[in-house]
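In: Quick one, structure for this:
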Amino acid sequence: QAQLVESGGGSVQSGGSLTLSCAASGDVFEGYCMGWFRQAPGKEREGVAASGKDGTSSYADFVKGRFTLSRDPDKDTAYLLMNNLTPEDTAMYFCAADYVPWRLQERYRHWGQGIQVTVSS
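Out: Okay, here's the model as predicted:
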């Protein structure tokens, strides 16, 4: 059974940085496309960043230049480096994986449980 586990969330002040990790187990990771999504209270879940089969990454406009997605195949782990955080980035963050390169669409087959990121002003 494929599993994704997020870590690295927490509280940070505005302008600070956090790195989220998504550890994959089972057959998830090799050949999979990864995505990061977030959901703020009272809002719909939205795509943040995603990787495609060609190795390129896609980013939502509201995180371009601030967030960076990366992967470590040796550790079966994906990362989301978040810089210059603002209170508007406060949300539950989820990682997702699938063989299909859904990019920022919420159609991934495998999802993590999510991890909270809180940014204070």
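In: how far away is the most centrally placed residue in the chain from Asn84?
Out: In the chain, the residue lying closest to the centroid (C-alpha atoms, centre = their mean) is Trp36, at 2.6 Å. When distance is defined by C-beta to C-beta, to the nearest Å, Trp36 is 17 Å away from Asn84. For every residue, glycine as well, the C-beta is placed using N, CA and C.
In: and what of Val100?
Out: Counting by C-beta to C-beta, the gap from Val100 to Asn84 is 31 Å.
In: contacts for the helix or strand harbouring the residue nearest to the centre of the chain?
Out: Secondary structure assignment for Trp36, by DSSP states H and E: strand 33-39. Strand 33-39 is touched from outside by 20, 22, 45-53, 67, 69, 71, 78, 80, 89, 91-104, 106, 108, 114, 117, with contacts defined as C-beta atoms under 8 Å, 6 or more residues apart in numbering.
In: Phi first, then psi, for the residue nearest to Gly47 when sequence neighbours are not counted.
Out: Here the nearest residue to Gly47 in space, its sequence neighbours aside, is Leu104; by C-beta to C-beta, 6 or more residues apart in numbering that works out to 2.9 Å. Main-chain torsions, Leu104, degrees, to the nearest 10: phi -90, psi 10.
In: shouldn't Leu104 be in contact with Ser57?
Out: No. Taking C-beta atoms under 8 Å as the definition, Leu104 is not a contact partner of Ser57, at 10.6 Å.
In: what touches both of those two?
Out: With contacts defined as C-beta under 8 Å, 6+ apart, the residues shared by Leu104 and Ser57 are Ala49, Ala50.
In: per-residue confidence at the residue nearest to Lys53 when sequence neighbours are not counted?
Out: If you skip the residues right next to it in sequence, Lys53 has Pro101 as its closest partner in space, 5.2 Å away by C-beta to C-beta, 6+ apart. In the prediction, the pLDDT value recorded for Pro101 is 93.
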